[in-house]
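Novice: Fold the following for me, if possible:
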Amino acid sequence: MDTKIRVHNPMGYPPQIAQKPLAPRADDLTGKTVYLVDCRFDDGDILIEQMANWFHDNRPDVNIEVRRKSGVYTERDETLYAEIQQKGAGAVMAVGH
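Specialist: Presented below is the predicted three-dimensional model:
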C-alpha cells in the first residue's frame, strides 16, 4: 500500500470567554414567568416542547413563555434576552442533544 493520506487535527482553537455567574435562584415560581428558549441547535425544539408539556401538567401555576432565539445558536439575541430580564423570573436555554 503505497498511498499516503494527509489528515488534519480537528481540535481547533476555542475562543476566549468571559464567565458570568449564575442568576440568583427564585424562591418560588408560583405566578411567575419562566422562558423556555430554543437556541436553534439540534432538537432543542423537541426538548422545549417536552418541558412546556411538563409545566402544563405539573405546574399550571407557572406562566411559561416558549420562544425561539433569532439567528443561529452561536449568536446572541439581545432583544429576547432583554425581554427575559424584564419580564421573566427565569429561563431555560435548550441547546438540544
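
Novice: can we go C-alpha only for contacts and neighbour counts from here?
Specialist: OK.

Novice: buried residues in the lengthiest helix in the chain?
Specialist: Longest helix in the chain, counting residues (DSSP state H): helix 44-58. Applying a neighbour-count criterion of 16 or more other Cα atoms under 10 Å, the buried positions in helix 44-58 are 44-45, 47-48, 51-52.

Novice: List the contacts of the next helix or strand along the chain from that helix.
Specialist: If you walk from helix 44-58 toward the C-terminus, the next helix or strand you reach (DSSP states H and E) is strand 63-68. Applying Cα atoms under 8 Å, 6 or more residues apart in numbering, the contact partners of strand 63-68 are 31-40, 48, 52, 55.

Novice: What would strand 63-68 look like as CSV? C-alpha coordinates only.
Specialist: Taking C-alpha atoms only, strand 63-68 is exported to CSV below (Å, rounded to 0.1, in the frame of the first residue of the first chain):
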residue,chain,number,x,y,z
ASN,A,63,-46.5,31.1,33.3
ILE,A,64,-44.5,29.6,30.5
GLU,A,65,-43.3,31.5,27.5
VAL,A,66,-41.9,29.4,24.7
ARG,A,67,-39.5,31.3,22.4
ARG,A,68,-37.1,30.5,19.6
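
Novice: and the angle for the next helix or strand after it with strand 63-68?
Specialist: Downstream of strand 63-68, the next assigned helix or strand under DSSP H and E is helix 78-87. Using axes from the mean of the first three to the mean of the last three Cα atoms, to 10 degrees, one finds that helix 78-87 and strand 63-68 are set 170 degrees apart in direction.

Novice: What's the mean pLDDT across helix 78-87?
Specialist: Within the predicted structure, the mean pLDDT of helix 78-87 is 96.

Novice: Make CSV out of the buried residues of helix 44-58 and add pLDDT and distance to G12.
Specialist: Converted to CSV, the buried residues of helix 44-58 look like this (pLDDT from 0 to 100; distance: Cα to Cα, whole Å):
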residue, pLDDT, distance to G12
G44, 86, 25
D45, 89, 28
L47, 90, 29
I48, 94, 30
M51, 96, 34
A52, 97, 36
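
Novice: Great, nothing more from me.
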